[in-house]
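In: fold the following for me, if possible:
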Amino acid sequence: MAISKSISDTEQVTAHIARLDPSVGKIVEALRQIILRTDKAIGERIKWNNPSFYYAGEMKSFDPKEYNREIAVFNLFKSRIMLVFPSGAKVKNATGLLEGEYKDGRRVTIFKDIKDVKSKANALQDVIREWLKLIDK
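Out: Numbers count the residues shown, from 1 in each chain. Okay, here's the model as predicted:
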């Protein structure tokens, strides 16, 4: 009987990206690295069938339906590269990066290509850092 070895969240994200169309995978991987470099307390996993990023540190108790730990998740439907911020509305959006006025508090950012990723990298990190400041620890 073979012993199954479970793979880590990071390995699952890596495998997921490897299965994407290479042109999309390259952009997703670039965004992944930008997000993870923003702060040591950011974790990654597959959630909602796509790579997602969350605050991995200690937090006060909260209702799981509030998604207080979730920073961002990719939406890669039909190769569109969208980053969804489930609670993005609480971030002061001085960068203009976050778009949409969803009643549930979501905000999104769409990336067209690797050049677009590079041009938005600093704004993306600024939004994430602002979000991290708002965590109820």
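
In: where does this structure dip in pLDDT?
Out: Counting by pLDDT under 70, the chain contains low-confidence ranges at 1-5, 62-67, 137.

In: next, name the residue at the spatial heart of it.
Out: Nearest to the mean C-alpha position of the chain, counting by C-alpha atoms, centre = their mean, stands residue 72 at 3.0 Å.

In: kindly state the beta-bridge partners for it.
Out: Beta bridges link residue 72 to residue 53, judged by DSSP bridges.

In: contacts only, for it.
Out: Residues counted as contacts of residue 72 (C-beta atoms under 8 Å, 6 or more residues apart in numbering) are 35, 52-53, 83-86, 128. Glycine gets a C-beta too; all of them are placed from N, C-alpha and C.

In: of all those residues, which two lie farthest apart?
Out: The most widely separated members of those are 35 and 86, with 14.4 Å between them, by C-beta to C-beta.

In: just the strands in the protein please.
Out: 42-47, 50-55, 70-75, 81-85, 107-111 (DSSP state E).

In: of all these, which one is nearest residue 136?
Out: Short answer: strand 50-55, nearest of those by C-beta to C-beta, at 10.5 Å.

In: that closest one packs against which elements?
Out: If you count contacts as 3 or more C-beta pairs under 8 Å, 6 or more residues apart in numbering; DSSP states H and E, strand 50-55 packs onto helix 9-18, helix 22-38, strand 42-47, strand 70-75.

In: now render those as JSON lines, adding distance to residue 93.
Out: Output for those, formatted as JSON lines (distance: least, C-beta to C-beta, whole Å):
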{"stretch": "helix 9-18", "distance to residue 93": "26"}
{"stretch": "helix 22-38", "distance to residue 93": "16"}
{"stretch": "strand 42-47", "distance to residue 93": "19"}
{"stretch": "strand 70-75", "distance to residue 93": "14"}
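
In: most tightly packed of these?
Out: strand 70-75 (a mean of 23; mean count of other C-beta atoms under 10 Å).

In: any idea of the angle it forms with strand 42-47?
Out: Computed with axes from the mean of the first three to the mean of the last three C-alpha atoms, to 10 degrees, the direction of strand 70-75 lies at 40 degrees from that of strand 42-47.

In: going forward can the numbers begin at 165, since that is how I track them
Out: Got it, the first residue is 165 from now on, which makes the last one we talked about strand 234-239.
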